[in-house]
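*Asks:* Just the structure for this:
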Amino acid sequence: MPKETMPAMPDTHSLNRLFAPRSIALVGAKDRSIWSVASFDNLKRFGFEGPVHLINPKGGTVHGQQAATSCAAVGEPIDAALLMVPEAALPEAMEDLRAANVGGAVILSAGFAETGEEGAERQRRVAALAREAGIRLIGPNCLGFANYVAKSPLWTTPLRRPMPGPTLAIVSQSGAVASQLEQFAYQQRIAVTHLISTGNEADVTIADAIGYLAQQPEPRSIALFLETIRDPAGFRAAVEAANAAGKPVTVLKVGSSEAAAAAAQTHTGSLVGDDSVFDALCRDLGIARVHSLEDLIVTSDLFARLGRIGGRGMSLIAMSGGMCEIALDQAEKEGVTIPRLAPPTLAALRETLPAFATPSNPLDLTGGAMLAPELIASSIAEVAKDPAIDVIGFVFDAPLKDDGRGFARRFVEHVGQGFSAAGKPCLMMSHTFMPVNGYARELADELGMVYSGGGVDGCLRALGHLTRPAALPRPAARQGASPAPAERPTTERAVLDHLARHGVPVVPGPVVGSAAEAVQAAGEMGYPVVLKIASPDIAHKTEAGGVRLNLQDAEAVAAAHDAIFASVRAYKPDAAIDGVIVSPMRRGGVELFAGTMRDPQWGPVLAIGFGGIFVEVLKDVSQRLLPVSEADVLEMLGELRGAPMLDGFRGAPPVDRTAVAKAIVAIGEAALALGHDLLSLEVNPLLVEGSRVEALDGLTNWDK
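*Replies:* This next block holds a predicted model:
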């Protein structure tokens with residue numbers, strides 16, 4: 001049937017015909033193709049209710065039914081097609097889809113952008129054909145997708161049939177990894193709503209898939225496996241849409257290579273890489289970042305079934321003192337707070353527990369619960385009343401079968417009773433990682449309780465993410481800030497002056513042109529002083545011999561001035577020199593580093609750490625995307641391993657963290673004001689002593 005007479009189909013979303021098709025074509029269907037057999041069997045196993053058209057240019061019988069020679073020859077509406085044809089045959093296949101008014105297609109074939117520039121050009125041509133025809137594409141080089149809710153898989157390896165109780169969706173750029181995630185979810189008896197492999201993303205990207213899932217009612221959380229992000233702005237918008245829809249996103253992203261930044265000669269360029277910037281993005285968007293396939297599914301599952309937990313206080317209950325100690329250490333590592341129980345809670349537990357049990361958090365019910373399992377429910381109920389407790393965890397393995405006497409079931413029933421009465425999020429977790437079979441899942445569902453086989457280790461890692469706050473609105477740039485200078489600030493003094501105009505406290509430092517002027521400036525500000533070369537061509541002054549410290553009198557200043565000029569001329573004879581900076585010598589305090597860099601994907605990034613040489617040696621750095629708020633910076637300071645140095649280390653006065661945060665926010669604003677040509681701006685050191693904060697040095701690096 002010609003395209004113009006093919007009936008049009010309503011489309012409430014540009015991806016609906018692809019991801020929720022009512023009719024499907026398997027193009028390149030063959031009895032001897034493992035891809036064709038698997039995809040056809042998946043459709044039968046899922047119970048797909050629409051027509052499935054088998055397309056083979058020779059016609060005949062395939063998989064027990066008559067095959068058409070083309071999609072156009074079918075003469076009926078086709079929403080989505082699975083293309084299992086060689087790369088060379090794709091242009092012809094795309095023309096056939098266009099003639100049949102097909103809405104979307106999955107391209108299984110490899111040999112495109114993943115092979116190099118020639119393959120990338122072939123991929124661009126196929127994508128152009130699809131755009132012209134209004135066809136949405138998944139792939140190439142992918143395994144497809146499966147919509148478990150609509151019972152419509154276009155997936156080319158065997159899938160298990162859908163399970164009841166949909167919870168999470170899986171999106172992966174790797175089809176093989178997606179298969180492994182689906183298998184692991186099934187092993188844990190975790191229901192999946194959607195399984196999407198995006199492959200090379202000639203059209204549909206990770207961002208498109210997330211955006212589509214954000215609009216679907218069934219998935220309660222989204223699990224992502226990423227290798228790269230091709231559409232940064234779209235990715236951010238899609239995750240924000242998922243957050244707004246109450247669907248937390250968990251990600252496993254591979255790759256930790258350094259960003260290829262032009263600012264590589266600066267401290268910031270060496271500290272800020274692709275992976276660390278992605279970490280900052282995850283914090284910014286409230287994404288839970290994990291580092292294993294198991295954690296990806298366990299965390300996404302608990303997000304789906306418990307949601308975000310409004311607080312970090314956890315009560316952990318077990319029937320083993322050793323397990324309580326293990327869990328306590330793990331909870332501290334994951335940032336889950338195990339608070340002390342309130343005196344009324346402890347008193348109530350003393351009345352409930354055997355005399356030989358010690359009320360505490362974590363709570364060891366001891367072997368007494370084996371003889372009196374009702375202690376489980378009553379203890380959970382008492383702990384739930386404590387105002388410091390936001391979530392309750394009980395360590396127990398759900399039985400995999402009926403033991404004939406009902407012992408294990410009776411224990412689990414009492415856990416369920418306690419959870420039902422708690423009125424707070426509750427989780428029963430296995431001691432170690434273990435599969436969850438149908439009996440265990442049915443028992444937990446029957447009792448209305450959340451159970452995970454992720455083990456104490458995996459479940460506490462997940463709870464660390466569930467108890468962290470969701471993404472907060474990003475701060476807007478401050479209004480009324482000084483405009484950017486007419487010329488790029490390239491020298492230290494020009495950079496410090498720019499920072500000062502944006503509210504950053506900076507050290508005094510006039511630039512002088514002679515030894516006599518240096519002596520005069522030093523006398524006016526008081527000894528001791530520091531002299532530093534002022535040159536746009538000397539980024540690292542110490543290496544050039546361009547710094548002299550702790551000068552005590554006029555004679556020392558004059559000699560230092562001349563020595564600096566001689567050293568710099570020898571180091572770089574053609575360097576442009578503006579003069580010498582004279583500043584008061586500062587002693588004591590804590591030296592911090594604050595630097596910004598423009599990431600090629602995500603834009604301006606702020607990094608802070610301890611200054612001087614420590615920033616390179618220790619690489620103890622926290623990062624956020626700009627702009628930041630004072631609350632962001634306070635959180636960043638707390639993330640530094642050296643944070644105790646800010647609190648009065650070895651008798652030094654404690655640092656006023658709020659004053660530091662104000663100064664660093666202003667540094668970020670000053671960097672943003674310099675526009676897109678700025679690659680990096682650094683303040684090293686930012687000297688802090690008590691409530692006094694002062695930028696002692698500033699450096700910029702620009703796009704040529």
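
*Asks:* how about residue 188, what does it touch?
*Replies:* 297, 298, 301, 435, 436, 452, 453, 454 (CB atoms under 8 Å, 6 or more residues apart in numbering). Any C-beta I mention is one placed from the backbone N, CA and C, and that applies to glycine too.

*Asks:* which of the residues you listed count as buried?
*Replies:* Buried members of those, scored by 16 or more other CB atoms under 10 Å, are 297, 298, 301, 436, 452, 453, 454.

*Asks:* Turn these into JSON lines, columns for pLDDT, distance to residue 325 and secondary structure.
*Replies:* Putting these into JSON lines (pLDDT from 0 to 100; distance: CB to CB, whole Å; DSSP: H, G, I helix; E, B strand; the rest coil) gives the following:
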{"residue": "297", "pLDDT": "98", "distance to residue 325": "27", "secondary structure": "helix"}
{"residue": "298", "pLDDT": "98", "distance to residue 325": "22", "secondary structure": "helix"}
{"residue": "301", "pLDDT": "98", "distance to residue 325": "26", "secondary structure": "helix"}
{"residue": "436", "pLDDT": "96", "distance to residue 325": "26", "secondary structure": "coil"}
{"residue": "452", "pLDDT": "98", "distance to residue 325": "21", "secondary structure": "strand"}
{"residue": "453", "pLDDT": "97", "distance to residue 325": "22", "secondary structure": "coil"}
{"residue": "454", "pLDDT": "97", "distance to residue 325": "20", "secondary structure": "coil"}
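
*Asks:* contacting residues for residue 184?
*Replies:* For residue 184, the contact set (CB under 8 Å, 6+ apart) comprises 293, 294, 297.

*Asks:* State the helix or strand in which it lies.
*Replies:* helix 175-187 (DSSP states H and E).

*Asks:* next structured bit after that helix?
*Replies:* In N-to-C order, the element after helix 175-187 by DSSP H and E is strand 192-197.

*Asks:* That next one packs against which elements?
*Replies:* strand 144-147, strand 152-155, strand 168-172, helix 175-187, helix 206-214 (3 or more CB pairs under 8 Å, 6 or more residues apart in numbering; DSSP states H and E).

*Asks:* just to revisit the earlier point, JSON lines for the buried ones among the contacts of residue 188, including distance to residue 685?
*Replies:* Listed next are the buried ones among the contacts of residue 188 as JSON lines, based on distance: CB to CB, whole Å:
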{"residue": "297", "distance to residue 685": "45"}
{"residue": "298", "distance to residue 685": "43"}
{"residue": "301", "distance to residue 685": "46"}
{"residue": "436", "distance to residue 685": "54"}
{"residue": "452", "distance to residue 685": "47"}
{"residue": "453", "distance to residue 685": "50"}
{"residue": "454", "distance to residue 685": "44"}
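
*Asks:* just those now: which is nearest residue 590?
*Replies:* Nearest to residue 590, judged by CB to CB, of the buried ones among the contacts of residue 188 is residue 298 at 40.0 Å.

*Asks:* Would you format the helices and strands packed on strand 192-197 as CSV with mean pLDDT and distance to residue 414 included?
*Replies:* Converted to CSV, the helices and strands packed on strand 192-197 look like this (pLDDT from 0 to 100; distance: least, CB to CB, whole Å):
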stretch, mean pLDDT, distance to residue 414
strand 144-147, 98, 38
strand 152-155, 97, 41
strand 168-172, 97, 29
helix 175-187, 96, 27
helix 206-214, 97, 38
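
*Asks:* could the contacts of residue 184 be laid out in TSV, adding distance to residue 368?
*Replies:* Shown next, in TSV, are those (distance: CB to CB, whole Å):
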residue	distance to residue 368
293	39
294	34
297	35
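
*Asks:* of all the residues you listed, which comes closest to residue 53?
*Replies:* residue 297 (34.4 Å).

*Asks:* how close does the closest one get to residue 97?
*Replies:* 34 Å (CB to CB, to the nearest Å).

*Asks:* partner residues bridging the closest residue in space to residue 588 that isn't next to it in sequence?
*Replies:* Leaving aside its sequence neighbours, residue 588 sits nearest to residue 689 (CB to CB, 6 or more residues apart in numbering; 5.7 Å). Beta-bridge pairing for residue 689 (DSSP bridges): residue 692.

*Asks:* Distance check, residue 689 against residue 522.
*Replies:* Look at residue 689 and residue 522: by CB to CB, they are 22 Å apart.

*Asks:* Widest-spaced pair of the contacts of residue 188?
*Replies:* Greatest spatial distance among the contacts of residue 188 (CB to CB): 301 and 435, at 13.7 Å.

*Asks:* Can you tell me the centre-most residue of this structure?
*Replies:* Closest to where the C-alpha atoms of the chain average out (CA atoms, centre = their mean) is residue 282, at 3.1 Å.

*Asks:* Would you agree that one falls within a helix?
*Replies:* Yes. When DSSP: H, G, I helix; E, B strand; the rest coil is applied, residue 282 is found to be in a helix.

*Asks:* Could you check how far it is from residue 303?
*Replies:* 14 Å.

*Asks:* hey, what's in contact with both of the two?
*Replies:* Counting by CB under 8 Å, 6+ apart, the residues touching both residue 282 and residue 303 are residue 288.

*Asks:* Could you list the single helix or strand in this protein with the lowest mean pLDDT?
*Replies:* helix 267-271 (a mean of 41; mean pLDDT, DSSP states H and E).

*Asks:* Count the neighbours of residue 328 for me.
*Replies:* 17 (other CB atoms under 10 Å).

*Asks:* quick one: contacts for the closest residue to residue 150 other than its chain neighbours?
*Replies:* Using CB to CB, 6+ apart and skipping residues adjacent in sequence, the residue nearest residue 150 is residue 20, 4.6 Å away. For residue 20, the contacting residues are 147, 150, 152, by CB under 8 Å, 6+ apart.

*Asks:* returning to that earlier point: more crowded one of residue 689 and residue 522?
*Replies:* residue 522 (29 against 16).

*Asks:* Next up, the contacts around that one.
*Replies:* 529, 551, 554, 557, 582 are the contacts of residue 522 under CB under 8 Å, 6+ apart.

*Asks:* Right, I'll leave it there.
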